[in-house]
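Participant: Generate a structure from the sequence data that follows.
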Amino acid sequence: MAKKPKKAADPGHKVLARNRRALHDYAIEERLEAGISLTGSEVKSLRDQRASIGEGFVTIRGGEAWLVGVQIQEYPWAHQQNHDPMRERRLLLHRREIDKLDTKVNLRGYAIVPLSVYLKDGRIKVEIGVGRGKRQHEKRDSLKEAEARREIDRAMSRRR
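Facilitator: Numbering: from 1, shown residues only. The predicted structure follows:
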């Protein structure tokens with residue numbers, strides 16, 4: 001059987017930052033795409049992929065969703081118009097989505113974490129995930145499963 005060619009990445013979709021740790025620490029049950037309210041220097045810095053979302057999380061306050069703990073480095077050529085790298089940024093979601101997220105978070109053990117920041121058709125979007133924190137033994141189990149999958153893939157590729 002011939003191997004299918006991989007699809008080319010969507011030309012209007014470019015990942016700017018990814019939170020690999022979130023998939024290790026949380027069992028993600030639901031994913032959402034949200035817009036993000038940014039200043040001009042933040043947009044330029046993100047386009048240069050100068051952001052860290054590993055420590056970030058989403059909180060709901062006053063009926064609005066806020067992205068907290070995400071560091072977008074200062075843009076070196078912005079000077080006086082530069083932004084605070086650790087400022088809280090408002091997420092652009094519909095009221096229904098915010099209410100749904102708020103009820104999930106109020107349940108025990110759920111958290112909202114940013115999974116990736118990407119450029120989609122010229123706009124910067126954030127993929128957020130609602131998940132429950134994994135316990136230590138669950139993390140070990142998922143690592144074992146991933147290793148087993150890699151071994152199977154290696155064995156299958158050697159056979160071809």
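Participant: Pull the contacting residues for the residue nearest to Thr39 when sequence neighbours are not counted.
Facilitator: What sits nearest to Thr39 in space, not counting adjacent residues and going by Cβ to Cβ, 6 or more residues apart in numbering, is His83, at 4.9 Å. The C-beta positions use only the backbone N, C-alpha and C, and glycine is treated the same way. For His83, the contacting residues are Thr39, Ser41, Glu42, Ile72, Glu74, Tyr75, by Cβ atoms under 8 Å, 6 or more residues apart in numbering.
Participant: Pull the contacting residues for the most centrally placed residue in the chain.
Facilitator: Centroid-nearest residue in the chain, with Cα atoms, centre = their mean: Leu115, separated by 1.6 Å. Counting by Cβ under 8 Å, 6+ apart, Leu115 touches Arg18, Asn19, Ala22, Leu23, Ile28, Arg31, Glu127, Ile128, Gly129.
Participant: Please list all residues in contact with the fourth one.
Facilitator: Read that as Leu23. Applying Cβ under 8 Å, 6+ apart, the residues near Leu23 are Leu115.
Participant: May I ask you to name the longest helix in the protein?
Facilitator: Longest helix in the chain, counting residues (DSSP state H): helix 136-159.
Participant: coming back round to it: show me which of the contacts of His83 are buried.
Facilitator: Neighbour counting with 16 or more other Cβ atoms under 10 Å marks Thr39, Ser41, Glu42, Ile72, Tyr75 as buried within these.
Participant: for the residues you listed, which one is nearest Leu93?
Facilitator: Glu42 (18.6 Å; Cβ to Cβ).
Participant: In terms of helices and strands, where is that closest one?
Facilitator: helix 40-47 (DSSP states H and E).
Participant: can you give me the offset of that helix from its chain's centre?
Facilitator: 17 Å (Cα atoms, centre = their mean, to the nearest Å).
Participant: Need the contact partners of that helix.
Facilitator: Contacts of helix 40-47 (Cβ under 8 Å, 6+ apart): 16-17, 38, 51, 72-75, 78, 81-83, 89, 117, 119, 124.
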